[in-house]
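Engineer: Just the structure for this:
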Amino acid sequence: MRKRSHGKTNLIIFTDLDGTLLDSEYSFAEAKPALRIIQENGVPLVLCSSKTKAEIVHCRKKLNNRHPFISENGCVIFLPSEYFGFMIQGAGVRGQKEENYAIIKLGTDYSDLRRALHELRSEGFDVTGFGDMRIKEVSLLTGLRPADAARAKQRFFDEPFVFRGGASDIKKMKKRIQAKGFKYTQGEFFHIMGNSDKGRAVEVLKDLYTKQRGEIISIALGDSVNDIEMLDKADYPVVIQKQDRSYNSEVMKKVKGCIKSGGVGPEGWNRAVLKLLYQFGIE
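Structural biologist: Predicted coordinates for the structure are as follows:
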């Protein structure tokens, strides 16, 4: 751990949502003290989640967040128009514009993922994707209200799915997904996606922030295996406690220099962020 730095520094914070900044009721109330200090000091808070654009936009409004965000497990980055003040194409990445955002697409088209899931089903794997479910079914499965479940179904590059099978079946399924040229990860649900992940998206944004601000220091917070790549790209990777007060063993094993949050969900998020902000002279 670095010693306390006096004065403002170019901190960038990347965070997962479910189980990290949001609790089981999708509330961030316990993180408000740290969120207030972050906002008052102009520290960018980048939401990085498996959630869709529609879900994250809704969450950003509640948080009063105006920074870039990463959706669908790193498959796409949304940059508010004119946020960086320079042409994205000139920064070494390809982007396009939509509504009030510049968009950097890193993922595979949703139709290809749906086709791969259909093939898995025909091969005997008991898989059901969000695209196979009605809004009511997604709502019952996730605990989301119908309006939020509808947002969760608006997917373009990542397909969450339910799989019914044992550990050996999961290994076989993972091999088949990889053989088809796709990636697999697991958080609250199984996910199939193209050659992208949260870490790759974080790297792209870190490069853009560096071009804008000079040297930056990054903090990342997450709780599950689909956060590993994101945490691995951060200077300060923070692992959030699960509901049973344990830490994901695979995350702890694979990410070097993990910082334990010392609390569950947004309570642990708040505690860890306040401690790091203090370390950098931000109070």
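Engineer: I13: what secondary structure?
Structural biologist: Recorded secondary structure, I13: strand (DSSP: H, G, I helix; E, B strand; the rest coil).
Engineer: Can you report how many residues lie near it?
Structural biologist: Residues near I13, counting by other C-beta atoms under 10 Å, number 25. For every residue, glycine as well, the C-beta is placed using N, CA and C.
Engineer: Who does it form a beta bridge with?
Structural biologist: Note on I13: beta-bridge partners by DSSP bridges are L45, I219.
Engineer: Next one: it from S24, what distance?
Structural biologist: I13 is 22 Å from S24, where distance means C-beta to C-beta, to the nearest Å.
Engineer: Could you count how many residues lie near G263?
Structural biologist: 16.
Engineer: what's the helix or strand for the residue nearest to G143 when sequence neighbours are not counted?
Structural biologist: Distance criterion C-beta to C-beta, 6 or more residues apart in numbering; nearest residue to G143, sequence neighbours excluded, is S24 at 7.9 Å. Assessed by DSSP states H and E, S24 sits outside every helix and strand.
Engineer: can you give me phi and psi for S24?
Structural biologist: Dihedral pair for S24: phi -70, psi -20, per degrees, to the nearest 10.
Engineer: Contacts only, for N195.
Structural biologist: 108, 181, 183 (C-beta atoms under 8 Å, 6 or more residues apart in numbering).
Engineer: no, scratch that, I was asking about T52
Structural biologist: T52 is in contact with 71-72, 151-156, counting by C-beta under 8 Å, 6+ apart.
Engineer: Now list the buried members of these.
Structural biologist: Buried by 16 or more other C-beta atoms under 10 Å: 71-72, 151-153, 155-156, out of those.
Engineer: Secondary structure and pLDDT added to those residues, as TSV?
Structural biologist: Formatted as TSV, those follow (DSSP: H, G, I helix; E, B strand; the rest coil; pLDDT from 0 to 100):
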residue	secondary structure	pLDDT
S71	strand	96
E72	coil	95
R151	helix	95
A152	helix	95
K153	coil	96
R155	coil	93
F156	coil	91
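Engineer: still on that earlier bit, hang on, the residue nearest to G143 packs against E267?
Structural biologist: No - here S24 does not reach E267: they are 12.0 Å apart, not a contact under C-beta atoms under 8 Å.
Engineer: okay, those two: which has more neighbours?
Structural biologist: E267 (17 against 11).
Engineer: what's the angle from the helix or strand harbouring V204 to strand 11-15?
Structural biologist: Here V204, judged by DSSP H and E, is contained in helix 198-213. If you take axes from the mean of the first three to the mean of the last three C-alpha atoms, to 10 degrees, helix 198-213 sits at 160 degrees to strand 11-15.
Engineer: If you count contacts, what does helix 198-213 end up packed against?
Structural biologist: Counting contacts by 3 or more C-beta pairs under 8 Å, 6 or more residues apart in numbering; DSSP states H and E, helix 198-213 packs against strand 11-15, strand 45-48, strand 69-71, strand 76-80, strand 217-222, helix 228-232.
Engineer: ok, back up a step: make TSV from the buried ones among the contacts of T52 and add distance to D223 to it.
Structural biologist: Putting those into TSV (distance: C-beta to C-beta, whole Å) gives the following:
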residue	distance to D223
S71	18
E72	18
R151	21
A152	19
K153	23
R155	22
F156	25
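Engineer: what residues are up against K180?
Structural biologist: 116, 119.
Engineer: Can you tell me how far it is from L276?
Structural biologist: Distance, K180 to L276, using C-beta to C-beta: 40 Å.
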